[in-house]
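Asker: sequence and predicted structure below; questions after.
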Amino acid sequence: MPGKKVCIVGSGNWGSSIAKIIGHNVKASNRFDPMVSMWVYEEMIDGRKLTEIINKEHENVKYLPGHKLPRNVIAVPDITEAVKGAKILVFVIPHQFIGKLCDQIKPHITEGTIGISLIKGIDEGPDGLKLISDIIREKLEIEVSVLMGANIASEVADEKFCETTIGAKSEANGQIFKELLQTPNFRITVVNESDTVELCGALKNIVAVGAGFCDGLGQVSSSTFLESCGVADLITTCYGGRNRKVAEAFVRTSKSIAELEAEMLNGQKLQGPQTSAEVYKILQKNDIVTKFPLFAAVYQICFEGKEVKEFITCLQNHPEHL
Ligand SMILES: NC(=O)C1=CN([C@@H]2O[C@H](COP(=O)(O)OP(=O)(O)OC[C@H]3O[C@@H](n4cnc5c(N)ncnc54)[C@H](O)[C@@H]3O)[C@@H](O)[C@H]2O)C=CC1
Ligand SMILES: O=C(CO)COP(=O)(O)O
């Protein structure tokens, strides 16, 4: 049986890095057709068409300069031409262009085509949030997986080591995409919670903008939060620390924090509840308790008999949301 043809829908910074990987991987597996088409939004560079430059010099000189693309990746300016015969579509364009492009692709979709979205973003639908993969699913009526991770295109193209996550509701498709995209330096984990994977990828971009604002204002050195004392310690403590362990037991046993501390820690001391009490006093003094609902709720649950069931309600009633 002939291998499945792959079309990369997009050729920007990330699209071109991924084309480098896909071009190599399809040659190593008989599951795929060895020729890959890459849809390129045509533009002129110094009087020459970008597609012609890519097909002649095997380099996307505008979006990924300095990296040669495999010769079996063919740049195609016409989207209908690019997707013709393709059974595997890899979507990797800025999210604002996806709807229109899917409308152009739809008449050329054949039975059994599958897709994967590498696009980080969301859209707004009549019922609220709409995932980019949902737009593709609905418009093309195909099964769609996603790939999102801590991946900077130029670093991946440089073959620096990094990991990434595929979210695939179909396990079989997840494995196909893993075979298509994994390399010794681009390691893939497949999970089935595709929507969660996609939301992580989309929303982190907003935080990144905020981090840039902070650095621009010179107010917060976000680099310190990236030291071990910051995000790393937060994650570690939430997974493996004593505060987390005793708090979970507090909910499951209905015993007090003090009783559990004595029972579970053999003389060791918890710092979280006590710190929440100190912080609560400071918040009260400055009349800003309502601005810190998580800190306030932890204190009230630990020391004032507030029902732990109300924990989420405290967060839902954050003044910023009202
Ligand atoms: N660059 C990166 O390091 C990473 C990017 N991503 C995500 O991948 C997606 C694509 O990003 P990149 O490949 O970096 O693209 P990019 O940011 O380099 O975008 C430029 C691309 O958009 C195309 N374009 C411009 N106008 C267009 C139009 N009217 N219609 C269709 N295409 C048009 C350009 O031709 C070019 O290919 C984004 O959602 C991004 O968040 C994800 C991981 C890493
Ligand atoms: O998604 C990315 C890293 O994971 C790339 O982020 P930027 O689009 O901000 O460069």
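Answerer: Yep, it's here. Numbers count the residues shown, from 1 in each chain. Ligands and ions are numbered 1, 2, ... in the order given.
Asker: mind listing the helices for the stretch 51-200 of the chain?
Answerer: All helices of the stretch 51-200 of the chain, identified by DSSP state H, counting those that start in this stretch, fall at 79-83, 98-105, 132-140, 153-157, 171-181, 194-217.
Asker: output the third one as CSV, nothing but the C-alphas.
Answerer: Okay, so that is helix 132-140. Provided in CSV are the C-alpha atoms of helix 132-140 (Å, rounded to 0.1, in the frame of the first residue of the first chain):
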residue,chain,number,x,y,z
ILE,A,132,-8.9,26.2,16.6
SER,A,133,-9.0,22.4,16.3
ASP,A,134,-12.8,22.6,16.6
ILE,A,135,-12.9,25.1,13.7
ILE,A,136,-10.9,22.6,11.6
ARG,A,137,-13.0,19.6,12.7
GLU,A,138,-16.3,21.4,12.0
LYS,A,139,-15.3,22.9,8.7
LEU,A,140,-13.4,19.9,7.3
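Asker: that one versus helix 194-217: what angle between them?
Answerer: 130 degrees (axes from the mean of the first three to the mean of the last three C-alpha atoms, to 10 degrees).
Asker: equivalent analysis for the fifth one, please.
Answerer: When the same axes, to 10 degrees is applied, the directions of helix 171-181 and helix 194-217 differ by 50 degrees.
Asker: and L226, which of the helices of the stretch 51-200 of the chain is closest to it?
Answerer: Evaluated with C-beta to C-beta, the helices of the stretch 51-200 of the chain place helix 194-217 nearest to L226, the distance being 9.8 Å. For glycine as for every other residue, the C-beta is placed from the backbone atoms N, C-alpha and C.
Asker: could you give the mean pLDDT of that closest one?
Answerer: Mean pLDDT, helix 194-217: 85.
Asker: quick one: the helix or strand just after that helix to chain centroid distance?
Answerer: Moving toward the C-terminus from helix 194-217, the next helix or strand (DSSP states H and E) is helix 222-225. Distance, stretch centre to chain centre, for helix 222-225: 21 Å (C-alpha atoms, centre = their mean, to the nearest Å).
Asker: residue ranges of each domain in the chain, please.
Answerer: The chain is divided into the following domains under the TED database: 4-192, 197-321.
Asker: let's have the helices of the stretch 51-200 of the chain in a markdown table, adding mean neighbour count.
Answerer: Formatted as a markdown table, the helices of the stretch 51-200 of the chain follow (neighbours: other C-beta atoms under 10 Å):
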| stretch | mean neighbour count |
| --- | --- |
| helix 79-83 | 19 |
| helix 98-105 | 17 |
| helix 132-140 | 20 |
| helix 153-157 | 18 |
| helix 171-181 | 17 |
| helix 194-217 | 14 |
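Asker: and those as JSON lines, adding distance to ligand 2?
Answerer: Listed next are those as JSON lines, based on distance: least, C-beta to the nearest ligand atom, whole Å:
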{"stretch": "helix 79-83", "distance to ligand 2": "23"}
{"stretch": "helix 98-105", "distance to ligand 2": "16"}
{"stretch": "helix 132-140", "distance to ligand 2": "13"}
{"stretch": "helix 153-157", "distance to ligand 2": "7"}
{"stretch": "helix 171-181", "distance to ligand 2": "15"}
{"stretch": "helix 194-217", "distance to ligand 2": "5"}
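Asker: of all these, which lies closest to E310?
Answerer: helix 194-217 (25.5 Å).
Asker: and the closest one, what does it pack against?
Answerer: Under the contact criterion of 3 or more C-beta pairs under 8 Å, 6 or more residues apart in numbering; DSSP states H and E, helix 194-217 touches strand 122-125, strand 128-131, helix 132-140, strand 143-148, strand 162-167, helix 222-225.
Asker: okay, now the unreliable bits of this structure?
Answerer: 316-322 (pLDDT under 70).
Asker: picking that back up, most tightly surrounded among the helices and strands packed on helix 194-217?
Answerer: strand 143-148 (a mean of 25; mean count of other C-beta atoms under 10 Å).
Asker: what lies in contact with that strand?
Answerer: 114-118, 120, 133, 136-137, 164-170, 173-174, 177, 181, 188, 194, 197-198, 200-201 (C-beta atoms under 8 Å, 6 or more residues apart in numbering).
Asker: tell me the most buried of the domains of the chain?
Answerer: Mean neighbour counts for the domains of the chain (mean count of other C-beta under 10 Å) peak at domain 4-192, with a mean of 18.
Asker: which bits of the stretch 51-200 of the chain sit near ligand 1?
Answerer: When proximity is defined by C-beta under 6 Å from any ligand atom, the stretch 51-200 of the chain lies next to ligand 1 at 63, 92-95, 97, 118-121, 151-153.
Asker: need the residues of the stretch 151-300 of the chain near ligand 2, please.
Answerer: So the stretch 151-300 of the chain meets ligand 2 at N151, I152, N205, A208 (C-beta under 6 Å from any ligand atom).
Asker: would you pull up the residue in the stretch 201-322 of the chain closest to ligand 1?
Answerer: Closest to ligand 1 within the stretch 201-322 of the chain is N205: 6.4 Å, counting by C-beta to the nearest ligand atom.
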